[in-house]
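1. coords below, sequence missing:
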């Protein structure tokens, strides 16, 4: 049975997790604005390490596996396999933990039509025997439960070596059957450091890779500086007001239970 990730629109339609075209920055950044979609209102700010598509994949795997666990635990070996990696040895586990550390050190401020989240991208603690336990930041469950798209993790796994392709995979999935966007707007939106001249051929190769991997993406055309995407419907979470209120109450209850459990864990008995 395939694992299904929930990807918030704010992540899929922004440059929060950029394709790594150049050497990533090594200094943590102060809170700053992230380029995001304007046709669907998203305001996004982030502080902390520079984030790439490798971080996006790690975040999706961690939240997906933890949500399926009754204890919110993730085995690193399961996460590496979900990422489609051949090696699950110690070095690979260390690289994955380094990605988790970057995510935990990153704070985001998200405002959309339906969401208002302020907090870390990940909160976790290491456990024995190659496991980690996720501590869901308040509001993170709500971020996953509304204004998000359902995507099989294997889609990213097959594209893991092509960061622009993985970004496009999530971005395309959030749209309706047909969508147009100017190439320059797309270049800025994904956070590419390539020039417009070099971006277009790279974009074509990445689109071909997504089309070969994702069944929902049917075809595309590029003409006069505009990209037209055609796709089949994908499952999107957009709760109606009553369901959203009920779900919010439920997630606040779960957050309270988690905080109480964490407090008890700190008390020496």
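-> Here it is on my side, so go on. The structure presented is a predicted model; accordingly, all values stated were derived computationally and were not measured. Residues are numbered from 1 along each chain as shown.

2. Helices of the stretch 1-150 of the chain, start to end?
-> 9-12, 53-68, 76-82, 90-104, 140-145 (DSSP state H, counting those that start in this stretch).

3. Of all the ones you listed, which one comes closest to residue 131?
-> Ranking those by proximity to residue 131 (CB to CB) places helix 76-82 first, at 6.9 Å. C-beta here means a position set from N, CA and C on the backbone, and glycine is covered the same way.

4. which residues are contacting the closest one?
-> Outside helix 76-82, the residues that touch it by CB atoms under 8 Å, 6 or more residues apart in numbering are 3, 58, 61-62, 64-65, 87-88, 92-93, 96-97, 130-132, 153, 157.

5. Please repeat the previous calculation with a cut-off of 7 Å.
-> Applying CB atoms under 7 Å, 6 or more residues apart in numbering, the external contacts of helix 76-82 come out as 3, 61-62, 65, 88, 92-93, 96, 130-132, 153, 157.

6. For it, buried residues please.
-> Of the residues in helix 76-82, those buried under the neighbour-count criterion (16 or more other CB atoms under 10 Å) are 76, 77, 78, 79, 80, 82.

7. and if you look at stretch 200-214?
-> Of the residues in stretch 200-214, 202, 203, 206, 207, 209, 210, 211, 213, 214 count as buried by neighbour count, 16+ other CB under 10 Å.

8. Identify the residues contacting residue 55.
-> Residues touching residue 55, when contacts are defined by CB under 7 Å, 6+ apart, comprise 17, 99, 102, 103.

9. Could you single out the nearest of those residues to residue 147?
-> Distances from residue 147 to the contacts of residue 55, taken as CB to CB, are shortest for residue 17 (17.0 Å).

10. which residues does that closest one contact?
-> Neighbour list for residue 17: 11, 51, 52, 53, 55, 56 [criterion: CB under 7 Å, 6+ apart].

11. So it versus residue 49, what's the distance?
-> With distances defined as CB to CB, to the nearest Å, the gap from residue 17 to residue 49 amounts to 11 Å.
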